[in-house]
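Undergrad: this one's sequence-less:
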């Protein structure tokens, strides 16, 4: 019995521009996504007999509703179809990424399963892996191993690699109130927020030239002002981060996590010390570039 352990990294949105609603109910977006070192840890055990099982250190959802389980199911079905062979896998998830926070924790686990099974069993083309990812969610493709930073378009499934944003002192704070993505999209549709200067493309170019000042000045999120009305903690956390010298702070995804970029560990730790008086979920991170 062989075991493999892999990390599933969280993501933050350096930019998130929500565009028009599509006929299929999704929205087109433009977003620069960047992986950070906050991660879940997945351990895989492999068997000859066909079976899939999953357990987690936290009761996130029913096993069969978990994206990681669904990823294994879809991979196994296509593997059997293409090779006339089968396999068994048990997946244990050590959950560290908060859920309903805009950090893609479930998507990261799902992508990690697809990458691990591809590395272990092959047979499928990697395009098959990407198709499975796209069928299960909009940010799973970015969470695959091949990406560290990318410009994501369409509904999030068309990706163009960007120069990763290298930053050592990143603080992520998650208030207790989570956000329901569908509700946030409905609120956005009622009152759209659009950016005129195409910040995602500006940030993409700035990353290539390592122009951190331009990156920081163009960090935006179409959902942020909507979520701030529902969760006052978001603006409160941003204010505290700014008071401790954060170069930029913003909400990630559809919330409610907030991230900030600090010049040194001392200012980050001072900010974390103040935030943890009220918020239990604060994480010291760095961006993932390799």
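TA: Nice, thanks for sending it over. Treat the numbers as computed from the prediction; the structure is a model and nothing was measured. Numbering: from 1, shown residues only.

Undergrad: packing partners for the helix or strand where residue 36 lies?
TA: In this structure, residue 36 is located in strand 27-47 according to DSSP states H and E. Applying 3 or more C-beta pairs under 8 Å, 6 or more residues apart in numbering; DSSP states H and E, we find strand 27-47 packed against strand 3-21, strand 88-94, helix 105-121, strand 149-153, strand 169-174, helix 199-208, strand 281-285. Bear in mind the C-beta positions are built from the backbone N, C-alpha and C, glycine included.

Undergrad: export these to JSON lines and tack on mean neighbour count and distance to residue 74?
TA: Shown next, in JSON lines, are the helices and strands packed on strand 27-47 (neighbours: other C-beta atoms under 10 Å; distance: least, C-beta to C-beta, whole Å):
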{"stretch": "strand 3-21", "mean neighbour count": "21", "distance to residue 74": "17"}
{"stretch": "strand 88-94", "mean neighbour count": "19", "distance to residue 74": "13"}
{"stretch": "helix 105-121", "mean neighbour count": "24", "distance to residue 74": "8"}
{"stretch": "strand 149-153", "mean neighbour count": "22", "distance to residue 74": "21"}
{"stretch": "strand 169-174", "mean neighbour count": "24", "distance to residue 74": "30"}
{"stretch": "helix 199-208", "mean neighbour count": "20", "distance to residue 74": "30"}
{"stretch": "strand 281-285", "mean neighbour count": "18", "distance to residue 74": "30"}
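
Undergrad: So which of those is nearest residue 139?
TA: helix 105-121 (4.9 Å; C-beta to C-beta).

Undergrad: distance of the residue of the chain most remote from its centre from residue 123?
TA: What lies farthest from the middle of the chain is residue 84; by C-alpha atoms, centre = their mean that is 34.1 Å. Counting by C-beta to C-beta, to the nearest Å, the separation of residue 84 from residue 123 is 10 Å.
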